[in-house]
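Undergrad: return a 3D structure for these sequence lines:
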Amino acid sequence: MTAVFYILGVVLFVAAILASIGLHELGHMIPAKAFGAKVTQYFIGFGPTVWSRKKGETEYGVKGVPLGGYVKIVGMLPPGAAQFEDGSAVGDGSAVSDTVVDEASGALLVRRSNTGMFTQLISDARAAEWETIQPEDAPRLFYRLAWWKKVIVMAGGPTVNLLIAFFVFLGVFGIYGSHEVVPDSGKPVIESVSPCVVPYAESGRACKGTDPVTPAYQAGLQQGDRITSFNGTPVRDWSQLQGLIRSNLAGQAVIGYTRNGVAMTGTTTTTVEARPSSDNPSDQALKQVGFLGVSPRSHVQVTHGGPVYTLRQMGTMTRDSAVALVHLPVKVWGVAEAIVGVKARAADSPVSIVGGGRIAGEEISAKGFPLEDKIAGLLMLVAGFNLFIGLFNFIPLLPLDGGHIASALWEAIRRGIARLRRRPDPGYVDAAKLLPVAYVVASFLLVMGAVLIVGDLVVPLHPLTQ
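TA: This is a model prediction of the structure:
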């Protein structure tokens, strides 16, 4: 039965992510069609076509590799400087020219002969973009849209992901609530003593023979002991005790405590470890602080909230996600090192859709947890993925949606400055010139995806044991 629930969790998660991808692409397609742009394809997945059906001018379908999706909007790249077969060119190559039609065949022409690797790549991409475009398509080409329409079309996809995250989080926080484990106030009572010092990046693993013994274990502290003083300072609550331990660094620690009503004293030396600089578990910043090796007796605090509370929580998640995006290359490199056995995989490393599926399967099949906890955990996982996907796609680099948004905004700024200075209209921004950057970013995304998928198969994370 556990295996059945595991598979159910994986299937539900994958189905939810595929639905999110489909809605993301609708976020692009609907405004594009509303603004009159020509949309020829709407697909979920990549690779070979599994199923498709054409309705009107748009082909809808599903591809064999469910790792994304796309909408084909005609005319994303402007034509550049067109050139006839006899060598006569139209346009100066710097500003975008109007569509040029071959008088003999009626086909739209794009310059095809270039020198230089990147120049040739741009030329080939532009030529491929224009191979199927006919003269009657000219008014409906994407690059001809007003800049604000381009922004709406390209922002529509990631905005849908953010809205999915908001409504899922709203439902969870409103019905199930936000569950946070907090120390019992006013009761600095030990719940557990770690027998060994495990680096924070390897949190959750069992002790190894090479791991040093924790200072708390050396001092003889046990579960149920109530700390009364630390180096002569009376201890009122766990937060104060934590501050005293952290500031002690590698100094001597005289710990007063009571056990079964009997006052006792233990002496040890705290060690220095890299730990989160705040109590926020998603905070990526680590700081060298004093470490004792004890966990507090705690309770689960449940907080219910509506839209404002949800937005505040998402604001915190967005800040943490922004920090995670900055550290993403380093984190992916850490996963690669874990794959080859250089070091253990960090508990806060990123995961792919494969890893997300495994986590969902483990949460649904876990024993000893109420059904509502499992459902809430699955929904939070789906919402978290959507939040990250939405934020990631707003990065202002091609081929991400944010790159097209940045191009449209630059077009508006450039044209606005030209009007203010009463200079000729500089024309449309040629996004094709940024294709070398797009190829580099796309290559990184492919490598990152491959590393994370392999990592999720070879050295998977098990959050329930973290």
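Undergrad: contacts and neighbour counts: CA atoms only from here.
TA: OK.
Undergrad: give the buried residues for the longest helix along the chain.
TA: Secondary structure of the chain per DSSP state H: the longest helix is helix 2-34. For helix 2-34, burial by neighbour count (16 or more other CA atoms under 10 Å) applies to 5-10, 12-14, 16-18, 20-29, 31-32.
Undergrad: need phi/psi at the closest residue to V193 other than its chain neighbours.
TA: Among residues not flanking V193 along the chain, V294 sits closest, at 4.6 Å (CA to CA, 6 or more residues apart in numbering). With angles defined as degrees, to the nearest 10, V294 sits at phi -130, psi 150.
Undergrad: what's the answer for S178, then?
TA: phi -90, psi 120.
Undergrad: hey, where'd the helices end up in the stretch 201-350 of the chain?
TA: Applying DSSP state H, counting those that start in this stretch to the stretch 201-350 of the chain gives helices spanning 215-218, 238-248, 307-326, 328-339.
Undergrad: so where do the helices sit in the stretch 351-466 of the chain?
TA: Using DSSP H, counting those that start in this stretch, helices in the stretch 351-466 of the chain cover 353-365, 371-393, 401-420, 435-458.
Undergrad: could you say what helices and strands the longest one packs with?
TA: Identification of packing neighbours for helix 435-458 by 3 or more CA pairs under 8 Å, 6 or more residues apart in numbering; DSSP states H and E yields helix 117-130, helix 328-339, helix 353-365.
Undergrad: can you give me the angle it makes with helix 328-339?
TA: Angle between the axes of helix 435-458 and helix 328-339 is 40 degrees (criterion: axes from the mean of the first three to the mean of the last three CA atoms, to 10 degrees).
Undergrad: quick one: helix 435-458 to chain centroid distance?
TA: From the chain centre to the centre of helix 435-458 is a distance of 13 Å (CA atoms, centre = their mean, to the nearest Å).
Undergrad: could you export that helix as CSV, CA atoms only?
TA: This file holds the C-alpha atoms of helix 435-458, laid out as CSV (Å, rounded to 0.1, in the frame of the first residue of the first chain):
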residue,chain,number,x,y,z
LEU,A,435,20.9,35.5,-29.3
PRO,A,436,24.5,34.7,-28.3
VAL,A,437,23.5,35.5,-24.7
ALA,A,438,20.4,33.4,-25.1
TYR,A,439,22.4,30.4,-26.3
VAL,A,440,24.7,30.7,-23.3
VAL,A,441,21.8,30.9,-20.9
ALA,A,442,20.0,28.1,-22.6
SER,A,443,23.1,25.9,-22.4
PHE,A,444,23.4,26.6,-18.7
LEU,A,445,19.7,25.7,-18.2
LEU,A,446,20.2,22.4,-20.1
VAL,A,447,23.2,21.5,-18.0
MET,A,448,21.6,22.6,-14.8
GLY,A,449,18.5,20.5,-15.6
ALA,A,450,20.5,17.5,-16.4
VAL,A,451,22.7,17.7,-13.3
LEU,A,452,19.6,18.1,-11.0
ILE,A,453,17.7,15.3,-12.6
VAL,A,454,20.7,12.9,-12.3
GLY,A,455,21.3,14.2,-8.7
ASP,A,456,17.6,13.5,-7.8
LEU,A,457,18.0,10.0,-9.1
VAL,A,458,21.5,9.2,-7.7
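Undergrad: skipping its backbone neighbours, what lies nearest the spatially most central residue of the chain in space?
TA: Per CA atoms, centre = their mean, the C-alpha nearest to the average position across the chain is that of F388, at 3.3 Å. Computed as CA to CA, 6+ apart, the closest residue to F388 that is not its neighbour in sequence is S321, at 6.7 Å.
Undergrad: I figured the one you found hits I389, correct?
TA: No: with contact defined as CA atoms under 8 Å, S321 does not reach I389; the gap is 10.2 Å.
Undergrad: list the contacts of F392.
TA: Contacts for F392 (CA atoms under 8 Å, 6 or more residues apart in numbering) come out as L325.
Undergrad: quick revisit: can you put the helices of the stretch 351-466 of the chain in CSV and add mean pLDDT?
TA: Listed next are those as CSV, based on pLDDT from 0 to 100:
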stretch, mean pLDDT
helix 353-365, 90
helix 371-393, 92
helix 401-420, 94
helix 435-458, 90
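Undergrad: most packed of these?
TA: helix 353-365 (a mean of 24; mean count of other CA atoms under 10 Å).
Undergrad: please name every helix or strand in contact with that one.
TA: Looks like helix 353-365 contacts helix 2-34, helix 371-393, helix 435-458 (3+ CA pairs under 8 Å, 6+ apart).
Undergrad: how about the ones you listed in JSON lines, adding distance to P199?
TA: Output for the helices and strands packed on helix 353-365, formatted as JSON lines (distance: least, CA to CA, whole Å):
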{"stretch": "helix 2-34", "distance to P199": "30"}
{"stretch": "helix 371-393", "distance to P199": "26"}
{"stretch": "helix 435-458", "distance to P199": "20"}
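Undergrad: and the residue nearest to V193, how close does it get to T269?
TA: Here V294 is placed at a distance of 14 Å from T269 (CA to CA, to the nearest Å).
Undergrad: same check, this time on M154
TA: 57 Å.
Undergrad: again with A336
TA: Taken as CA to CA, the span from A336 to T269 is 36 Å.
Undergrad: and W51, by the same measure?
TA: In terms of CA to CA, W51 sits 66 Å off from T269.
Undergrad: out of these two, which sits in the busier spot?
TA: More crowded of W51 and T269, by other CA atoms under 10 Å: T269, with 20 against 11.
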